[in-house]
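Chemist: Sequence plus predicted model, see below.
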Amino acid sequence: MSSHQLILAAAAGAVSLAICAVLWALAQRRHAQDRVAAIAQKLAALEARAETAQASAEAFDSALLAVEDGRALLASGEESLAVCAAALGLSEPDPQGVVNALMRADPDHARRLRALFERGEACAFEVQGEDGLVAVEGRAAGALAWLRLSSATADDAGLPTAPRFAAFINARPTPAWIAAADGSPVWVNAAWLKAADAISLDEAAARGAAFDRSADALASEAANLGQRRDTVRWSTVAGKRRAFHIAAQPLEGGGVGVWTEDVSEQEDLRELLKRNVEAHDETLNHIAEAVAVFDKAKKLMFHNTAFAELWGLEPAWLAEQPTHSEVLDRLRQRRRLPETADYGKWKAGELDRYEQLAAGPDEMWSLPDGRTLKVVRQPHPMGGLLLLYSDITGELKLTSQYNALIQVQQATLDKLSDAVTVFGSDGRLRLHNESFARFWNVTPAQVEAAGDFEGVVELCIPKLHDRSFWAELKGRVADPDPQARAPTTGEVKTSDSRIVLYQSRPLPDGATLIAFTDVTDARKLEGALEAKEQALADAERLKRDFVGNVSYELRTPLTTIIGYSELLERSGEGLSERGRGHAAAVKQAATQLARSIDDVLDMAQIDADEMALDLEDVRVADLLAAQAERWAPEAEAANVAIVVECPPEVGLIRGDARRLGQILTHLVENALGQTPAGGTVTLGARKGLGEVQLSVTDTGRGIPFHVQAHIFDRFIGRERGGPGLGLALVKALTELHGGWVALESEPGAGATFTCHLPEEAMAAAAQPELGLRA
């Protein structure tokens with residue numbers, strides 16, 4: 001390329017570059033103009049808003065200060081600032097001077113302002129200046145702190161600002177809020193939010209939560225009627241049932257202010273009072289006395305059931321609340337009031353009692369039907385009169401009977417030979433008889449004048465000097481310990497050598513009875529009786545020794561006689577038939593005499609309580625069979641049949657086989673002696689209820705009735721030979737086994753002796769212990 005071309009190309013490039021630069025410059029200029037127009041428009045808007053804000057601030061008589069880095073500037077409200085400065089006593093309306101004056105006014109105000117300037121904490125307070133009151137509200141916005149100052153007028157000088165008043169309402173412990181015309185809350189305090197369990201009113205509205213729907217309805221009703229409305233509602237707050245008095249008051253300018261007070265305690269007290277009144281009325285309805293309450297207007301306000309029953313008045317008529325005068329007139333018509341010559345005067349006197357302030361004296365009314373009433377009148381605390389009627393007819397009768405009993409008691413005590421006195425738990429003398437004064441050789445007047453235990457002791461000391469005795473006796477009277485007042489008895493000797501038996505007995509009413517008895521003659525007689533008893537015991541011992549010795553001395557030769565008689569019987573042809581008969585008679589007589597001696601010894605042992613039973617198992621069937629076999633020869637000789645009746649279930653009995661056999665031996669012997677030829681003797685045994693019965697029955701002539709009562713006595717039936725101890729020994733041996741014996745007999749129809757032996761030994765049995773085995 002030539003140089004000319006190069007120059008042309010460079011020139012063309014330069015021109016192109018210049019054109020581009022111009023075009024870019026034009027574009028930048030257009031953009032800059034747009035931005036300037038936008039900024040101008042925005043500035044105009046800001047100026048308009050600033051003018052509006054300043055106008056609004058000035059319209060509300062307040063000055064707005066902007067504080068940055070501790071330096072205050074006036075944003076708006078120059079006139080209001082001048083008013084506030086004058087109120088604070090400043091000559092110039094300087095913003096910084098006003099802020100300094102606010103901080104000097106109160107240390108708390110300075111603390112709040114510094115917190116606003118340094119940390120952006122909002123504040124609101126009032127400053128009392130030399131010439132007026134200045135309200136201060138502070139807020140932070142970005143790096144600036146804003147203060148709004150307003151001067152209160154004379155009329156509003158005592159009123160708090162809206163934020164302060166809202167803070168005051170917010171501090172209340174009970175819900176308070178402002179509601180719209182439809183009852184929905186538009187502003188609520190913290191207590192309302194807590195009760196509704198909400199963080200804010202918006203949240204509560206979103207959830208449909210409320211403190212109480214009925215309170216919202218009450219607010220709507222107050223708004224519609226334009227009147228204050230009140231009610232008491234129970235609501236659950238923090239899990240507890242609380243009663244609130246809710247007041248809804250329409251506000252000027254619209255809306256309803258709702259105020260609540262926690263009246264739970266008052267409502268509880270009101271409910272308690274209601275229950276107490278009901279319980280009081282119910283209690284009065286259950287008492288026997290008739291109760292009527294008339295109000296200030298003398299109308300029947302209350303009556304219990306006993307009132308209607310006592311006077312026979314209709315409950316329906318009483319429910320109409322008649323006056324006191326009407327009640328008296330109806331009772332007079334039915335002759336149920338005391339008879340009086342001038343009823344009008346008497347009635348006027350009854351009605352005049354409403355004017356008396358103090359309770360009148362009790363009266364006794366004697367009614368025509370014979371009843372006696374006690375009438376009590378008292379002014380009612382709530383005005384009117386309370387009347388109480390008590391039917392004391394029975395009480396008077398009981399009192400009369402009681403007085404009669406007391407007189408009979410005193411007369412009875414006076415007839416006693418024992419000296420009796422009664423002391424109360426306080427030691428006071430309550431009662432004594434005439435014998436008490438005679439016993440201690442004092443007069444009844446002295447005893448009455450003594451008054452108490454100590455005084456009575458002083459009267460008795462001359463006859464009984466032992467003061468320790470009287471001190472112990474006083475403990476029985478006055479000691480509150482029940483153990484100390486336990487009954488006691490003993491003997492003491494007086495100075496005139498009398499032996500005195502004393503007794504103390506606590507009485508049910510807390511009193512103590514003390515009795516003194518002269519037992520001198522009784523003790524002498526007891527001594528004589530004891531000496532006689534000892535002599536009788538010695539005689540009984542001598543008798544027992546004598547019987548034992550004589551029996552022993554008689555048994556030795558009897559044994560020899562019986563032995564030789566048996567030897568003679570077995571001598572064979574060496575002895576004649578007549579001789580053998582004599583030997584048999586001798587043997588029989590000796591044997592009978594030996595048995596009689598044994599019976600006497602056995603009875604003596606039983607009387608001395610020296611006989612012991614040798615217990616063993618005895619088969620009852622074998623016992624009866626042995627007796628039948630034992631007496632078979634005598635029965636055959638007398639032409640009498642012996643029959644044994646023993647069922648298998650009787651089994652074994654535990655007893656003394658020898659003594660049981662001895663019982664049956666005496667009974668069979670007695671039966672054979674009473675049964676004529678051709679008769680029958682039956683030995684029987686059977687089980688009864690808890691016992692075994694052994695019986696011996698004969699078909700003899702029977703036992704006369706006059707003999708049956710003494711058949712088991714000793715020495716009865718001696719006309720049949722022997723000492724007459726057989727049946728007595730039967731009775732004694734049966735009782736020794738713990739049983740008893742019975743007789744059944746009709747003259748001419750035989751007799752049955754039955755021994756009842758228990759299945760088990762009894763505590764009262766002598767020594768043996770019986771038992772049955774199947």
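Modeler: Received the coordinates, thanks.

Chemist: list the buried ones in stretch 696-707?
Modeler: Within stretch 696-707, the residues scored as buried using 16 or more other C-beta atoms under 10 Å are V696, T697, D698, T699, G700, R701, G702, I703. From N, CA and C alone the C-beta is placed, and that goes for glycine too.

Chemist: For the last one, give me the pLDDT.
Modeler: Translated: I703. On pLDDT, I703 comes in at 85.

Chemist: Make sure it is indeed in a helix.
Modeler: No: counting by DSSP: H, G, I helix; E, B strand; the rest coil, I703 is not found in a helix; it is coil.

Chemist: which ones are touching it?
Modeler: Counting by C-beta atoms under 8 Å, 6 or more residues apart in numbering, I703 touches I711, L743, S745, P747, A751.

Chemist: Tell me, how many residues neighbour the second one?
Modeler: L743: 15 surrounding residues under other C-beta atoms under 10 Å.

Chemist: Which residues does it form beta bridges with?
Modeler: L743 forms beta bridges with F753, as assigned by DSSP bridges.

Chemist: Surely it and G750 touch.
Modeler: No: at 11.4 Å, L743 and G750 do not qualify as touching, with contact defined as C-beta atoms under 8 Å.

Chemist: Just the buried ones from the contacts of I703?
Modeler: Neighbour counting with 16+ other C-beta under 10 Å marks I711, S745, A751 as buried within those.

Chemist: any low-confidence regions in the stretch 151-300 of the chain?
Modeler: Low-confidence segments of the stretch 151-300 of the chain (pLDDT under 70): 152-163, 253.

Chemist: Pull out the buried positions in stretch 433-451.
Modeler: If you call a residue buried by 16+ other C-beta under 10 Å, then stretch 433-451 has these buried ones: N433, E434, S435, F436, A437, F439, W440, V442, V447, A450.

Chemist: Return the distance of it from the chain's centre.
Modeler: Counting by C-alpha atoms, centre = their mean, to the nearest Å, stretch 433-451 is centred 47 Å from the centre of its parent chain.

Chemist: what comes into contact with it?
Modeler: The contact list for stretch 433-451 (C-beta under 8 Å, 6+ apart) reads 410, 413-414, 416-421, 428-429, 432, 455-456, 458-460, 462-463, 516, 518.

Chemist: what's around I461, how many residues?
Modeler: I461 sits with 14 neighbouring residues when counted by other C-beta under 10 Å.

Chemist: and P462, what element?
Modeler: Of the helices and strands defined by DSSP states H and E, none includes P462.

Chemist: what's the nearest residue to it if we skip its chain neighbours?
Modeler: Leaving out its chain neighbours, the residue that sits closest to P462 by C-beta to C-beta, 6 or more residues apart in numbering is S495, at 7.2 Å.

Chemist: so what pLDDT did the one you found get?
Modeler: So S495 comes in at 86 (pLDDT).

Chemist: Likewise for the one 3 residues further on?
Modeler: Note on R498: pLDDT of 89.

Chemist: From V277, how far off is the residue positioned nearest the centre of the chain?
Modeler: Taking C-alpha atoms, centre = their mean, the centroid of the chain lies closest to T283, which sits 19.6 Å from it. Between T283 and V277 the distance is 11 Å, computed by C-beta to C-beta, to the nearest Å.

Chemist: How about R659?
Modeler: R659 is 86 Å from V277, where distance means C-beta to C-beta.

Chemist: quick one: which of these two has more around it?
Modeler: Neighbour count, other C-beta under 10 Å: between R659 and V277, R659 has more, with 19 against 11.

Chemist: longest single strand anywhere in this protein?
Modeler: Determined from DSSP state E, the single longest strand within the chain is strand 240-250.

Chemist: which helices and strands sit right next to it?
Modeler: helix 213-225, strand 229-237, strand 256-262, helix 264-286 (3 or more C-beta pairs under 8 Å, 6 or more residues apart in numbering; DSSP states H and E).

Chemist: Pull up the pairing partners for that strand, direction included.
Modeler: For strand 240-250, pairing defined by DSSP bridges yields strand 229-237 (antiparallel), strand 256-262 (antiparallel).

Chemist: of those strands, which approaches P361 most closely?
Modeler: Of all these, it is strand 229-237 that lies closest to P361, at 45.9 Å by C-beta to C-beta.

Chemist: Show the residue spans covered by the helices in the stretch 101-250 of the chain.
Modeler: Here the stretch 101-250 of the chain has its helices, by DSSP state H, counting those that start in this stretch, at 107-119, 162-170, 190-195, 201-207, 213-225.

Chemist: would a markdown table of those helices with mean neighbour count and distance to W24 be doable?
Modeler: As requested, the helices of the stretch 101-250 of the chain are exported to a markdown table (neighbours: other C-beta atoms under 10 Å; distance: least, C-beta to C-beta, whole Å):
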| stretch | mean neighbour count | distance to W24 |
| --- | --- | --- |
| helix 107-119 | 15 | 50 |
| helix 162-170 | 14 | 58 |
| helix 190-195 | 20 | 63 |
| helix 201-207 | 13 | 55 |
| helix 213-225 | 18 | 70 |
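
Chemist: Quick check: L388 vs V277, distance?
Modeler: Per C-beta to C-beta, L388 is found 18 Å from V277.

Chemist: A248 touches N224, doesn't it?
Modeler: No: assessed by C-beta under 8 Å, A248 is found out of contact with N224, at 10.8 Å.

Chemist: Return the subset of the buried ones among the contacts of I703 lying in strands.
Modeler: S745, A751.

Chemist: which of the residues in stretch 680-693 are buried?
Modeler: For stretch 680-693, the neighbour count (16+ other C-beta under 10 Å) marks T680, V681, T682, L683, G684, A685, R686, K687, E691, V692, Q693 as buried.

Chemist: Please tabulate the residues you listed in TSV and include distance to L201, secondary structure and pLDDT as additional columns.
Modeler: Formatted as TSV, the buried residues of stretch 680-693 follow (distance: C-beta to C-beta, whole Å; DSSP: H, G, I helix; E, B strand; the rest coil; pLDDT from 0 to 100):
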residue	distance to L201	secondary structure	pLDDT
T680	123	strand	90
V681	122	strand	90
T682	117	strand	91
L683	117	strand	91
G684	112	strand	91
A685	109	strand	91
R686	106	strand	89
K687	101	strand	85
E691	100	strand	83
V692	104	strand	87
Q693	105	strand	87
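
Chemist: Those residues: which two are farthest apart?
Modeler: T680 and E691 (25.3 Å).

Chemist: can you give me the helices for the stretch 401-550 of the chain?
Modeler: Secondary structure of the stretch 401-550 of the chain (DSSP H, counting those that start in this stretch): helices at 434-439, 444-450, 453-460, 467-478, 520-569.

Chemist: which helices and strands sit right next to the third one?
Modeler: For helix 453-460, the contact count by 3+ C-beta pairs under 8 Å, 6+ apart identifies strand 429-432, helix 444-450, helix 467-478 as packing neighbours.

Chemist: any chance of those in CSV, plus mean pLDDT and distance to E118?
Modeler: Output for these, formatted as CSV (pLDDT from 0 to 100; distance: least, C-beta to C-beta, whole Å):
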stretch, mean pLDDT, distance to E118
strand 429-432, 87, 94
helix 444-450, 87, 98
helix 467-478, 86, 87
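
Chemist: Distance to R578 for these - can I get that in TSV?
Modeler: Converted to TSV, the helices and strands packed on helix 453-460 look like this (distance: least, C-beta to C-beta, whole Å):
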stretch	distance to R578
strand 429-432	92
helix 444-450	95
helix 467-478	88
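
Chemist: Can you check which of the ones you listed gets nearest to A44?
Modeler: A44 lies closest, by C-beta to C-beta, to one member of the helices and strands packed on helix 453-460: helix 467-478, at 114.4 Å.
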